[in-house]
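**Q** Return a 3D structure for these sequence lines:
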Amino acid sequence: MDKYGKVNFCSVISANVYKPEVVASTTENPNPQPPEAEKIGLVMFENKEDAIASVRDLNGKIIDSSLKPLIISL
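**A** The predicted structure is shown next:
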């Protein structure tokens, strides 16, 4: 993140999330899909301009093997 300026704080939260269409095991659905691991990150930059630049450059990018694009908002 040095490319985007000084970061004052960052944290990543990971949680297992069930999709709305996935329900508990029933006779109709004896093997429901397991929850998906979702990660939420919080980054606080020292300067607003650096935060805006990171959003502009990184929103929608795929940065790891998860093949899921980043969704970034202010």
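**Q** just checking, V43 touches V12?
**A** No: when contacts are counted by CB atoms under 8 Å, V43 is not listed as touching V12 (9.5 Å). Where C-beta positions appear, they are placed from N, C-alpha and C, glycine not excepted.
**Q** which regions of this structure lie under the pLDDT threshold?
**A** Scanning the chain for pLDDT under 70 picks out 1, 17-35, 66.
**Q** what about the helices in it?
**A** For the chain, applying DSSP state H gives helices covering 48-58.
**Q** Surely E38 and K68 touch.
**A** No: using CB under 8 Å, E38 is not in contact with K68; the gap is 9.3 Å.
**Q** My read is that F45 contacts S54, right?
**A** Yes: look at F45 against S54 with CB under 8 Å: they come within range, at 7.1 Å.
**Q** Now do the shared contacts for those two.
**A** 4-5 (CB atoms under 8 Å, 6 or more residues apart in numbering).
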